[in-house]
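>>> Below is the sequence, then the predicted model.
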Amino acid sequence: MSSPGLYDMSGDKEAETVIVAVHGLGGDYLKTWECETNGWNWVRSSIEPRLQQERGIKSRVLSFSYAAKLMSTESTENIRQVAKVLLEGLYVKMNEMKHKSLGIVFIAHSLGGLVVKKALNIASSIHNKRYEHLSSSVRGCLFLGVPHHGAGLASVAGWGSWLLGPFKRSSYVEDLRKDSPACQEISEDFVQTAKDLKIRTFYEDRRLNGLLVVQPYSAQMNQLSEVATMLQGSDHRTICKFRGDDDVRYREVWAALVEIISFGKPTPSIDIVPDGLPGPNPSTYEANAGSGDGGYADYGDSTGGRITEASVSLEESLGGHGFGGSANGYRHAIAGGAEGGSACGKNARGGNARGGKATLAKYKPSHN
């Protein structure tokens, strides 16, 4: 068995995106992601080169190893302890990176999803300054067959063989009971943690050993930031294993992963006004992409809102890509409640969240 910790799968310290894979109960940092028929490991072999080739994104892929036994002679392991090991390991890895402005994405199977959620809950606590930068770098999570609300004991038993002798159920099994206090606490805290993240969830539609291990209701968090989809043709074991890049199921998962990685990336800044926009004085107007709901930011002292996939023009400033978005202004351009908060231009201020971008245009627009 491998030692606990984060293992490099591919990529290097020059990456701009860090992807962390976390296996589940009875899993392994390599075998969990390997196809049982041809040995293809998408976490190790596909993600990093494909992101570089198709998206021009440099990534570093890590896989987390921890003792995740169904049975043990000493039932001492628990989700919180493992989550803290994950956080500290990632803290060390992040300090190795050359680029300090990074995006972190988690991929988690089964119990691994609860470990990730607990880790992010700890990192985002207002009392925890050590992991503050790490927490603010997270873009989202890809959950595969995660029992957010626990599972029945029979289902948990179906994840592996019950052993005889001096063994007893590990703490993980107790934590995974349906509506266990551990599951409830993690889920309740994660509502706040996940509000600015992109969450993609996939759940199984086939039985394993006669059991649907994670029921659809438990595999879904039912949060506004989550998009949940059944991954057809998958049981609890194969939901994280694929034959190759051309596997139909992998195409769905890949598209979701790219969506998460792209979430919150700053919109490219625009600092040139098209011909025909007059005005020598760039000090008249102010645009705010605010944290309100549903609006947009126009020139003047207006406040935009939490809208998604909006475009930004030079005649008006809209709450842009993500939650809150980017803004272009002519005196102050403020990206508020957005995804990041970087800014360029004189008197331009970034917002109070991750991803947004504020840009000063050269001239004020004409209003006819």
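Now that the structure is in, tell me what you want to look at.
>>> what bits of the stretch 101-250 of the chain have low per-residue confidence?
Confidence mapping of the stretch 101-250 of the chain against pLDDT under 70 gives the ranges 152-171, 173.
>>> where along it do the strands fall?
With DSSP state E, counting those that start in this stretch applied, the stretch 101-250 of the chain shows strands at 103-109, 138-144, 168-169, 198-203, 226-230, listed in chain order.
>>> Switch these over to CSV; also include distance to residue 244 and mean neighbour count.
C-betas here are computed from N, CA, C, even on glycine. Conversion of those to CSV gives the following (distance: least, CB to CB, whole Å; neighbours: other CB atoms under 10 Å):
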stretch, distance to residue 244, mean neighbour count
strand 103-109, 18, 26
strand 138-144, 17, 27
strand 168-169, 37, 16
strand 198-203, 18, 24
strand 226-230, 21, 15
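>>> As a markdown table, these with distance to residue 211 would be great.
Supplementary listing: the strands of the stretch 101-250 of the chain in a markdown table, determined by distance: least, CB to CB, whole Å:
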| stretch | distance to residue 211 |
| --- | --- |
| strand 103-109 | 17 |
| strand 138-144 | 17 |
| strand 168-169 | 17 |
| strand 198-203 | 14 |
| strand 226-230 | 17 |
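>>> Among the ones you listed, which comes closest to residue 249?
Within the strands of the stretch 101-250 of the chain, the stretch nearest residue 249 is strand 198-203; the backing value is 8.7 Å (CB to CB).
>>> Could you check the angle the closest one makes with strand 103-109?
Using axes from the mean of the first three to the mean of the last three CA atoms, to 10 degrees, the inter-axis angle of strand 198-203 relative to strand 103-109 is 10 degrees.
>>> Show me the contact partners of strand 198-203.
In this structure, residues lying in contact with strand 198-203 by CB atoms under 8 Å, 6 or more residues apart in numbering are 139-146, 214, 216, 219-221, 223, 225-231, 234, 239, 252-253, 256-257, 259-260, 263-264.
>>> about what we covered before: kindly state which of the strands of the stretch 101-250 of the chain is positioned closest to residue 59.
Among these, if distance is taken as CB to CB, the winner is strand 103-109, at 8.8 Å.
>>> List the buried residues in stretch 120-128.
Residues of stretch 120-128 classed as buried by neighbour count (16 or more other CB atoms under 10 Å): 120, 121, 122, 123, 124.
>>> my bad, stretch 49-63
Along stretch 49-63, the positions that meet the burial threshold by neighbour count (16+ other CB under 10 Å) are 50, 51, 57, 59, 60, 61, 62, 63.
>>> picking up where we left off before, for the buried residues of stretch 120-128, which one is nearest residue 99?
Each of the buried residues of stretch 120-128 was scored against residue 99 by CB to CB, and residue 123 proved nearest at 19.4 Å.
>>> Was I right to think the closest one contacts residue 131?
Yes: the pair formed by residue 123 and residue 131 meets the contact definition of CB atoms under 8 Å, at 3.8 Å.
>>> between those two, what contacts are shared?
Taking CB under 8 Å, 6+ apart as the contact criterion, the common neighbours of residue 123 and residue 131 are residue 87.
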